[in-house]
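# Let me see the structure of the following:
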Amino acid sequence: MIDRTSNKRKPGGRSVRKTIATAERSDMTRRDFVRSIATTGIAVGMEAQAWAAETKSGEMIYRTLGRTGEKVSAIGLGGFHIGVPKDEQEGIRIVRSAIDRGINFMDNCWDYHDGGSEIRMGKALRDGYRDKVFLMTKIDGRTKQLAAKQIDECLQRLQTDRIDLMQHHEVIRMEDPDRIFAKDGAMAAVLEAKHAGKVRYIGFTGHKDPVVHLRTLEMAAQHQFRFDAVQMPLNVLDAHFRSFAEKVVPLLVKEGIGVLGMKPLASGAILQTKAVTPIECLHYALNLPTCVVITGIDSMKFLDQAVEAARTFKPMNKAQVAALLSRTAQAAATGNYEGFKTTPAFDATARHPEWIG
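Numbering: from 1, shown residues only. Just a heads-up that it's a prediction; the model follows:
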């Protein structure tokens, strides 16, 4: 039985169900969706200034993570890419340099590089660095037993006694939320870990289809549970194709759930279109109601790029956004540049079903 006493939400299941039903209509236009969310009371301005107030210190922007009240850097350090450099010391240097330059949101996952990313980050967070960051990682297990095991392994690798945000990873199948919220599902293990002080906040991630995200939020509402954060692809292509920004973000803002954007450059594929620059991609994602934009940084060059995006960011008006999106509309139309939505290439748990259990 899931203990819901520590994370209740206000009644809102009907709004969630109505939204998902609307989103599933294949003939729904952008205008239709805006009208539908207006009737459920979740319409929001899709601009950064419509979200929580932000502050700036040095080169970095800081925003509030939904209802948690936590102040996090608007740029987050992607955990997968920390495992990319062949030299472990280079990965550690990147993490510490990012923290020194104001990035305090650390992304990671139990399965990245077979645990190698967490091991590197754990080493980087020694010597006082752990207390300077908001540490997030993810687990794949869908059963209570496997999820509990993975949580403890994350803590061990990261060399910490607590995870600030623990997220259910790769929620990409319609049945994933059923398994997570089952009596002996992963959520039971995460809640037990929270009650034990091992986990502070709870979220989920996914990259496949916004309908899966909406169904997961609907399932949470049915269990009187509200996530603290939700992670999804948010970029200049997403706006045109199976859009998380259009279908999921307004609901999260209405519910006070932290919006975590990932793949702002679509794992580099956007740059192949030659329609936008890396800085423009990051600025667009920062201009959405995102609390954090998580980007891959596997070199000091890309760290410089990410910090520069934060330093130079200014809220974009509707005309500026429209002009930017007009340049990416054709490339985005079929989803070919967002392979995580349209192919199994990014579905690590599909290749390793044993990670799910």
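
# Helix, strand, or coil at the most centrally placed residue in the chain?
Relative to the mean C-alpha position of the chain, the nearest C-alpha, by C-alpha atoms, centre = their mean, is the one of Gln231, at 2.1 Å. What DSSP: H, G, I helix; E, B strand; the rest coil gives for Gln231 is strand.

# Tell me if I'm right that it and Ile294 touch.
Yes. Taking contacts as C-beta atoms under 8 Å, Gln231 lies within contact range of Ile294: 7.3 Å. Every residue, glycine included, has its C-beta placed from N, CA and C.

# coming back round to it: residues contacting the residue nearest to the centre of the chain?
With C-beta atoms under 8 Å, 6 or more residues apart in numbering as the criterion, the residues that contact Gln231 are Gln167, Gly203, Phe204, Thr205, Gly206, Leu260, Gly261, Met262, Ile294.

# now, which of those residues sits nearest Gly185?
Sorting the contacts of Gln231 by how near they are to Gly185, with C-beta to C-beta, puts Phe204 at the top with 12.4 Å.

# Report the beta-bridge partner residues of that closest one.
His168, Val230 (DSSP bridges).

# just use 342 as the starting number from now, easier for me
Sure thing, new numbering starts at 342, so read that last one as Phe545.

# Count the residues that sit near the closest residue to Asp481 other than its chain neighbours.
Leaving aside its chain neighbours, Asp481 sits nearest to Trp696 (4.0 Å; criterion: C-beta to C-beta, 6 or more residues apart in numbering). Look at Trp696: counted by other C-beta atoms under 10 Å, it has 19 neighbours.

# At which residues are the helices of the stretch 342-491 of the chain located?
Per DSSP state H, counting those that start in this stretch, the stretch 342-491 of the chain has helices spanning 354-364, 371-380, 420-423, 429-441, 457-465, 485-499. These are given in chain order.

# Go through these and find the least confident stretch.
Comparing mean pLDDT across these, the lowest value falls on helix 371-380: a mean of 37.

# still on that earlier bit, relative to Val634, how far out is the residue nearest to the centre of the chain?
11 Å (C-beta to C-beta, to the nearest Å).

# Repeat that for Gln565.
30 Å.

# Give me the more crowded residue out of these two.
When Gln565 is set against Val634 and neighbours are counted by other C-beta under 10 Å, the residue ahead is Val634, at 32 against 15.

# now for the one helix or strand the more buried one maps to, which elements pack on it?
Per DSSP states H and E, Val634 falls inside strand 633-636. Where contact means 3 or more C-beta pairs under 8 Å, 6 or more residues apart in numbering; DSSP states H and E, strand 633-636 is packed against strand 416-418, strand 599-603, helix 619-628.

# angle of the second one against strand 570-574?
Relative orientation of strand 599-603 versus strand 570-574 (axes from the mean of the first three to the mean of the last three C-alpha atoms, to 10 degrees): 30 degrees.

# now strand 599-603: how far from the chain's centre is it?
Remark: strand 599-603 is offset 4 Å from the chain centroid, using C-alpha atoms, centre = their mean, to the nearest Å.

# In three-state terms, label the spatially closest residue to Arg692 that is not a sequence neighbour for me.
The shortest distance from Arg692 to any residue other than its chain neighbours is 8.0 Å, reached at Pro685 (C-beta to C-beta, 6+ apart). Taken by three-state DSSP, the conformation at Pro685 corresponds to coil.

# Per-residue confidence, Pro685, what does it come out as?
According to the prediction, Pro685 has pLDDT 95.

# likewise Ser608?
The pLDDT attached to Ser608 in the predicted structure is 86.

# Quick check: it touching Phe681?
Yes. Applying C-beta under 8 Å, one finds Ser608 in contact with Phe681, separated by 7.2 Å.

# Overlap in contacts, these two.
Phe687.

# that older thread, which residues are in contact with the residue nearest to Asp481?
By C-beta under 8 Å, 6+ apart, the contact set of Trp696 is Trp451, Asp452, Asp481, Gly482, Ala689, Thr690.

# so which of these comes closest to Glu411?
Each of those was checked against Glu411 using C-beta to C-beta; the closest is Trp451, at 21.9 Å.

# Compute the number of surrounding residues for Asn658.
Residues near Asn658, counting by other C-beta under 10 Å: 12.

# Ramachandran angles for it?
The phi and psi torsions at Asn658 (degrees, to the nearest 10) take the values phi -80, psi 170.

# Spell out which residues are contacts of both of Gln572 and Val634.
Common contacts of Gln572 and Val634, defined by C-beta under 8 Å, 6+ apart, comprise Gly602, Met603.

# any common contacting residues for Gln572 and Ile635?
Leu601, Gly602, Met603.

# surely the first one meets Gly417?
Yep, that's Leu601 we're talking about. Yes. The criterion here is C-beta under 8 Å, and Leu601 meets it with Gly417 at 7.3 Å.

# Give me the common contacts of these two.
Taking C-beta under 8 Å, 6+ apart as the contact criterion, the common neighbours of Leu601 and Gly417 are Val633, Ile635.
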